[in-house]
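Asks: need a 3D model of the following:
(one chain, ligands or ions: 1)
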Amino acid sequence: MVSKINKKILLAVTGGIAAYKSAELVRLLRKENTEVRVVMTRAAQQFVTPLTFQALSGHPVATELLDVSQENAMGHINLARWADMLVVAPASADIIAKFSHGIADDLLTTLYLASECPVYIAPAMNQAMWNKVVTQENLKRLEQHGINIIGPEAGDQACGERGYGRMTEPVDICAQLITNKPTSLLQGKSVLISAGPTREPLDPVRYITNRSSGKMGYALADAAIAEGATVTLVSGPVSLVPHSEVSLVKVETAVQMYDEVLQRSGFHDVYIGTAAVADYSPGEIKQKKIKKHAEQTSITLYKNKDILGAVASSTPRPFTVGFAAETDDLERYARGKLERKKLDMIAANWVGKDVGGFEDDKNALQVFWRNGQQTFELMDKNELAKKLIALIAERMDEKSTT
Ligand code: PMT
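Replies: Residues are numbered from 1 along each chain as shown. The predicted model follows:
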């Protein structure tokens, strides 16, 4: 018995080395009882021939906007109406830019404007192109327009570089399209994490800092990567090595951390402020080593800008998670920070005790949000990070459906 077709998928292939992987995507999708029709841009045809996709999909491949025979058979408006879902894989930086600005100068871009079905794009490009601010701005616009973004992944690239920009594997794209659920909790999401202490210099040899080792923040970065997120870690001086897929931004002072976080936070889905940022810094850094003459001395300290609060009140704003390090009255102070800084969630830990908090391999957290809370007992920071990431994913889901 022939099983019933359950979805009509219009797969658009754009120019990029990952175009060859889309042949496998067609094969996998057809195994799931979908009917697949393929559109190729001119650039895509430089990488794979339309014949390959015709053979795999069982249908002629659409390539031209004004092709007389194709307009007669299934023109761009008909193709857009036919599809239950438009999937662009690989999606080049160029097509992302065109979609985000409504440019319609070929078959695919016109189809996109004419389509009313859900649209999924699986970006694939060189890591520098992916990291360009304008690409991230374009992606943010598409997300705001309701486009679903799958990936990309980090790793070795065809150009010999390393970083984000590899198209998500066809098997994962297929799973996401069929179940309509990401394969991992944070698949397709970008997470920005601050970690470690800051160092506030007094003179060329001295600085004010704190006991943060960075362990909690680095463990969260690992856990977010394991759940399919792209992760940027803005880290104060620590002796840890981040996961190879993490984009690491090293800073020293609270001012540097503020600048590096704020210039990225608008392009991320989640911000987690794990860093123990100095609340105050010396106003003046002496050019020469301060000499010991007087019996007493004093330093005037000035309040630093609040990174977490600034992220939470920026637009667009990520799902914002703060940390609170408390020595007493933990819930009252943590809930106060949650409200005052307008956070989505705050993870509070006791500090100054024998175990947990700063430096230790273990920690315990009490997590609060507006109408709820959850306690995680003392455990290894890696285990704790997995649980907190799962809770963040759950709360984000909840927030997007209410
Ligand atoms: O690094 P480890 O050794 O593993 O230790 C982990 C930790 C104890 C540092 C971590 O679990 C933790 O509690 N981090 C927050 C420490 C802190 O600075 O807490 P706070 O209550 O002073 O600050 C509240 C929040 O505001 C934090 O999210 C902090 O990042 C943020 N903040 C504070 C000051 C400032 N100028 N800008 C900020 O963004």
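Asks: gap between the two ends of stretch 309-324?
Replies: One end of stretch 309-324 sits 13 Å from the other (CA to CA, to the nearest Å).
Asks: for the record, mean pLDDT for it?
Replies: The average pLDDT within stretch 309-324 is 96.
Asks: let me know whether that stretch sits next to the ligand.
Replies: Yes - Stretch 309-324 reaches the ligand (CB under 6 Å from any ligand atom) through 322-324. From N, CA and C alone the C-beta is placed, and that goes for glycine too.
Asks: could I get those residues as a markdown table with distance to residue 268 and secondary structure?
Replies: Listed next are the residues of stretch 309-324 next to the ligand as a markdown table, based on distance: CB to CB, whole Å; DSSP: H, G, I helix; E, B strand; the rest coil:
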| residue | distance to residue 268 | secondary structure |
| --- | --- | --- |
| 322 | 15 | strand |
| 323 | 17 | strand |
| 324 | 21 | strand |
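Asks: out of those, flag the one nearest to residue 161.
Replies: residue 323 (33.5 Å; CB to CB).
Asks: who is the closest one paired with across the strands?
Replies: Beta-bridge partners for residue 323, by DSSP bridges, are residue 347.
Asks: now for it, how many residues are close by?
Replies: For residue 323, the neighbour count with other CB atoms under 10 Å is 23.
Asks: please apply the same query to residue 204.
Replies: Around residue 204 there are 12 residues (other CB under 10 Å).
Asks: is it in contact with residue 290, as I believe?
Replies: No - here residue 204 lies out of contact with residue 290, judged by CB atoms under 8 Å, at a distance of 9.5 Å.
Asks: hmm, back to that, now render the residues of stretch 309-324 next to the ligand as JSON lines, adding distance to residue 180.
Replies: Listed next are the residues of stretch 309-324 next to the ligand as JSON lines, based on distance: CB to CB, whole Å:
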{"residue": "322", "distance to residue 180": "32"}
{"residue": "323", "distance to residue 180": "33"}
{"residue": "324", "distance to residue 180": "36"}
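Asks: these two touch, right, residue 128 and residue 162?
Replies: No - counting by CB under 8 Å, residue 128 stays clear of residue 162, with 11.2 Å between them.
Asks: low-confidence ranges in the stretch 1-150 of the chain?
Replies: 1-5, 67-74 (pLDDT under 70).
Asks: contact partners of the helix or strand where residue 54 lies?
Replies: Secondary structure from DSSP states H and E places residue 54 in helix 50-57. Here helix 50-57 makes contact (CB atoms under 8 Å, 6 or more residues apart in numbering) with 11, 13, 22-23, 26-27, 30, 36-38, 40, 60-61, 63.
Asks: buried members of those into PyMOL, please.
Replies: Selecting only the buried entries of the contacts of helix 50-57 in PyMOL, with 16 or more other CB atoms under 10 Å as the criterion:
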select buried, resi 11+13+22+23+26+30+36+37+38+40+61+63
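Asks: strands - which of the contacts of helix 50-57 land there?
Replies: 11, 13, 36-38, 40 (DSSP state E).
Asks: and these, which two are the farthest apart?
Replies: Among the ones in strands among the contacts of helix 50-57, 36 and 40 lie farthest apart (CB to CB), at 12.8 Å.
Asks: so where do the strands sit in the stretch 251-400 of the chain?
Replies: 270-273, 280-282, 301-303, 319-326, 345-350, 362-369, 372-380 (DSSP state E, counting those that start in this stretch).
Asks: among these, which is the most enclosed?
Replies: Neighbour counts (mean count of other CB atoms under 10 Å) averaged over each of those peak at strand 270-273, with a mean of 28.
Asks: show me which residues of the stretch 201-350 of the chain sit near the ligand.
Replies: 212-216, 254, 273-277, 279, 304, 306-308, 322-325, 337, 349.
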